[in-house]
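*Asks:* give the three-dimensional model of this entry:
(chains A and B)
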Amino acid sequence: MADISLAPNKPQPDVSLGSGLEVGFSADLGTGTDPAAAVIVTRGARKHYGAIRAVDGVDLAVLPGELFGLIGHNGAGKSTLFKMMLGLIPATAGEIRIGGALVTGANFRAVRRTVGYLPENVVLYDNLTGLETLHFFSRLKGVSPRESGAALERVGLADAAKRRVREYSKGMRQRLGFAQALLGNPRILFLDEPTTGLDPEAIRGFYAILRQLKSEGVTMVITSHILAEIQERVDRLAIMTAGKVQAIGTVQALREQMDLPLRFTVRVAAEDFAAVRAALGHLPVSAIEASGEHVTVHCQREAKMAVIEALARLDGRVLDLTVREPSLEDVFFGFSD
Amino acid sequence: MEISQIATIAGKEFWDRIRNRWVLAVAIIFTAFALVIAYFGAAQQGAVGFRSIEVTIASLVSLVIYLIPLIALVLGFDAIVGERERGSLDLLLSMPITRGELLLGKYLGLAAALTFSTVAGFGLVALVLSAQLDVNALFHYFGFMASSVLLGCAFLSLAVMLSVFAADRTRASGLAIAMWFFFVLVFDLLLLGALVVSGGQWGGEIFPYLLLLNPADVFRILNIFALEDVRTLYGLATVFPPALAKPWLLGLVMLAWIAAPLAIATWRFRK
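*Replies:* The predicted structure is shown next:
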């Protein structure tokens, strides 16, 4: 497996991960983020299987302490990129660094000791207990097996520590997988569809742990198909289609970039529909639809305050009003279509 | 290469087999067959009871040559492809471990389980028979045990190699069965067939060397040439030139049969 190196004369500012590894990038990746400060950097990363371009020139820079989302359709290249970031799949071209070190380079052990990974549909060993499972992985990570108990406690599996994994429910297995990822207090977490199989309470608990980890400065990369779940939680995200990153930024920045309309839902009596239409008629709204007791108004962001003021002038005929920002799902389909 | 990573993987593989009673089951099979052969091997001649270590070993060789390759292939055929198919391979490879360490750890753990069950199974028989065996007989019996371990490790190495190359478990199991048929049943028939077809004119001199291309034949030769009394019981093996029939040399050939498939598997797995 050949290393792909940076040009040796590039300036290399340092960011410590607290593991002896150092970040060293300065070139702009065109992602709006200073790569010099990034802990995960992919530069022109490509993975081709014959004519299939699973990952096709991806530039990313993930900052320390960031919760970074990676979303896309099935087959968009997320999982392949994820595996490339972990060093599980060598890049056809380009390079991927974690903490400044090439993920498939000579320092791969040091890199991996800073990383925790929760695969999609985590598969563990049925014949081991939860505690034995963590002992096994802690030995591989070079971590004291005594950390296993604390990791189980953190994910709420302390009571099931001595039960065989074959007796675990799908959600418990997922939590055990998460506990495995947390062994050794990694500074970077890769979480691939981490809430698969979790019930709502466990999902809430899972994100509570992520918040705590984020407050401790842990960098996290997360993929999920449940966009509503991550839209309020990620700091930034990248949308992938056909192996390429189509867009990258905060959810709000992507909304603005897509210029998707806001949606007002106005509750009025049926006899006041005409008054609403008249009040908004002179404004740049893209659509006004009436249904039951509601009038739905679509308008661009810049007309938002004008619409609110126009509705306010209707003197109490407006019974209720909600303004809905475009969801991450709207943004996603906007970019991926 | 980090020994601790290899030991962690090997330890898990070994204890998995202890825990699921695989080792116990195989050891019981070996003990039962060995005792039956030792005491009832001459029943067809109307005699029951232990007769001699030579005859017992000769009968055991015939049994082991079928059984151990099969057990080793079944044990190792899904070592890697099984992890890949279940989806646990990525998680293992995301650890600070190289592919070579993972493969070697898997092999050593499985080899330890196979060795333990072989030694325990046949060793128990040695204990039972010890009152009737002199030092020389015990020496031969331990030689048989050691060569059985080598035979198992050689076929386990082939199985692990298969598990790296195979796309899925189904194909891996099919290849394992095909490999067993080839080495245990077909290989000698091909050699004998070639001898018969050529009327003994072709290849007679290289045949002993061709036997080295089959670990099952190497095992047979190792045991047969150690026992004067039973050489005449065998056909093909007795054409083996005494210059080649040195236990240390044949032992090295067996070690090569262990190392070569593992080396190929490591090369392929790293790609």
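
*Asks:* so how many other residues sit close to A:Lys78?
*Replies:* A:Lys78 sits with 25 neighbouring residues when counted by other C-beta atoms under 10 Å in any protein chain shown. Quick note: C-beta positions are derived from backbone N, CA and C, even for glycine.

*Asks:* try A:Ala110
*Replies:* Using other C-beta under 10 Å, A:Ala110 has 17 neighbouring residues.

*Asks:* same question for B:Leu191.
*Replies:* Using other C-beta under 10 Å, B:Leu191 has 19 other residues around it.

*Asks:* which element is it on?
*Replies:* Using DSSP states H and E, B:Leu191 sits within helix B:187-197.

*Asks:* and that helix, average pLDDT?
*Replies:* Averaged across helix B:187-197, the pLDDT comes to 85.

*Asks:* list the buried residues for that helix?
*Replies:* Residues of helix B:187-197 classed as buried: B:187-188, B:191, B:195 (neighbour count, 16 or more other C-beta atoms under 10 Å in any protein chain shown).

*Asks:* now do that helix: which elements does it pack against?
*Replies:* helix B:207-211, helix B:215-224 (3 or more C-beta pairs under 8 Å, 6 or more residues apart in numbering or on different chains; DSSP states H and E).

*Asks:* will you turn the buried residues of helix B:187-197 into JSON lines that also has distance to B:Phe155?
*Replies:* Formatted as JSON lines, the buried residues of helix B:187-197 follow (distance: C-beta to C-beta, whole Å):
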{"residue": "B:Phe187", "distance to B:Phe155": "13"}
{"residue": "B:Asp188", "distance to B:Phe155": "16"}
{"residue": "B:Leu191", "distance to B:Phe155": "19"}
{"residue": "B:Leu195", "distance to B:Phe155": "25"}
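
*Asks:* what comes up buried for stretch B:209-224?
*Replies:* Applying a neighbour-count criterion of 16+ other C-beta under 10 Å, one finds B:211-212, B:214-224 buried in stretch B:209-224.

*Asks:* in CSV: these, plus distance to chain A.
*Replies:* Below are those laid out as CSV (distance: C-beta to the nearest C-beta, whole Å):
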residue, distance to chain A
B:Leu211, 39
B:Leu212, 35
B:Asn214, 35
B:Pro215, 31
B:Ala216, 32
B:Asp217, 37
B:Val218, 35
B:Phe219, 32
B:Arg220, 36
B:Ile221, 39
B:Leu222, 36
B:Asn223, 36
B:Ile224, 41
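
*Asks:* quick one: least confident of those residues?
*Replies:* Ranking the buried residues of stretch B:209-224 by pLDDT, B:Ile224 lands last with 77.

*Asks:* quick one: A:Gly44 and A:Gly94 touch, right?
*Replies:* Yes. Applying C-beta atoms under 8 Å, one finds A:Gly44 in contact with A:Gly94, separated by 3.6 Å.

*Asks:* which one's more surrounded, the two?
*Replies:* With neighbours defined as other C-beta under 10 Å, A:Gly44 and A:Gly94 compare such that A:Gly94 has more, 18 against 15.

*Asks:* would you confirm that that one contacts A:Ala45?
*Replies:* Yes. Counting by C-beta under 8 Å, A:Ala45 is a contact partner of A:Gly94 at 4.0 Å.

*Asks:* between those two, which contacts overlap?
*Replies:* With contacts taken as C-beta atoms under 8 Å, 6 or more residues apart in numbering or on different chains, A:Gly94 and A:Ala45 have A:57-58 as neighbours in common.

*Asks:* on that earlier part again, tilt between the helix holding B:Leu191 and helix B:215-224?
*Replies:* Interaxial angle, helix B:187-197 versus helix B:215-224 (axes from the mean of the first three to the mean of the last three C-alpha atoms, to 10 degrees): 80 degrees.
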